[in-house]
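S.K.: make a model of this:
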Amino acid sequence: MKAVLALVIIYVGTFLVAIQGSSQSSVRAAAPDSVGAQDTASPKTPKAIDSIKEADIRSLMELIGVRDQVQDAVNSGSQQFREKLLATVPNNDQGQAFVNTWAIAYQKNYNVDQVLDQLVSIYDQHYTEDEIKGLLQFYGSPLGQKVAAEMPKIAHEVQVASREVSAKAAREALQAAKAQSPEVGRGARLGNGQRRMPLGDQAQNQTQAQTDPQQP
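M.R.: The predicted structure is shown next:
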């Protein structure tokens, strides 16, 4: 039983990493500069998977709700990119509309089935047919179903706790660096930069900077 649980933990861990990686890379791959490169590059021929094993892998993914978890990762990635994008556009209705247009296109262009196909290949590489059947048996049990339901929640709570500790460590490290080199670190700060201002205020500040020689 311990061996099965250890295998489950490894499986869920690699699954979450794969999902997060695919969510992050999808937006980079959708950038205009990379579209042409993808079109011209020769696609890699996927390794043939035994049809019975592939069916078992897909049954396992359906049993533990992989599609829903991928979609949750897409939504999370969309929100993260949305916040970053909001910091780079005018803080007005036009800027908000621009970000909304991007968010709709992002959700439409994200191919969940393609991610699932990639995960099938990944699991085929890391698990034998017997291990897949063992996971099917485990996740078909009441305990396995609870693991499938609770692991995404646990993973989220782990991420939250990790971010809190990371943020505290980053703030303390920045304070220490500023204390050591106050002149260099005077304007150093953590985060995405200053708060966005409405477009009118940006134009006004630019005009002031051009007319006022004392303006920094």
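
S.K.: every contact and neighbour count from this point should use C-alpha atoms.
M.R.: Noted.

S.K.: what is the burial count for Gln107?
M.R.: Other residues near Gln107 come to 14 when the count uses other CA atoms under 10 Å.

S.K.: how about the particular helix or strand that has it in it: buried residues?
M.R.: Secondary structure assignment for Gln107, by DSSP states H and E: helix 93-109. For helix 93-109, a neighbour-count test (16 or more other CA atoms under 10 Å) marks 95, 99, 102-103, 106 as buried.

S.K.: what packs against that helix?
M.R.: Where contact means 3 or more CA pairs under 8 Å, 6 or more residues apart in numbering; DSSP states H and E, helix 93-109 is packed against helix 66-86.

S.K.: just the CA trace of the helix it packs on, in CSV.
M.R.: Taking C-alpha atoms only, helix 66-86 is exported to CSV below (Å, rounded to 0.1, in the frame of the first residue of the first chain):
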residue,chain,number,x,y,z
VAL,A,66,-7.6,15.6,-15.7
ARG,A,67,-9.6,17.6,-18.2
ASP,A,68,-11.2,19.7,-15.5
GLN,A,69,-7.8,20.2,-13.8
VAL,A,70,-6.3,21.3,-17.1
GLN,A,71,-9.1,23.8,-17.6
ASP,A,72,-8.6,25.1,-14.1
ALA,A,73,-4.9,25.6,-14.9
VAL,A,74,-5.9,27.4,-18.1
ASN,A,75,-8.2,29.7,-16.1
SER,A,76,-5.5,30.3,-13.5
GLY,A,77,-2.9,31.1,-16.2
SER,A,78,-5.3,33.4,-17.9
GLN,A,79,-5.8,35.4,-14.7
GLN,A,80,-2.1,35.7,-14.1
PHE,A,81,-1.4,36.9,-17.6
ARG,A,82,-4.4,39.2,-17.4
GLU,A,83,-3.0,41.0,-14.4
LYS,A,84,0.3,41.4,-16.0
LEU,A,85,-1.3,42.7,-19.2
LEU,A,86,-3.5,45.2,-17.3
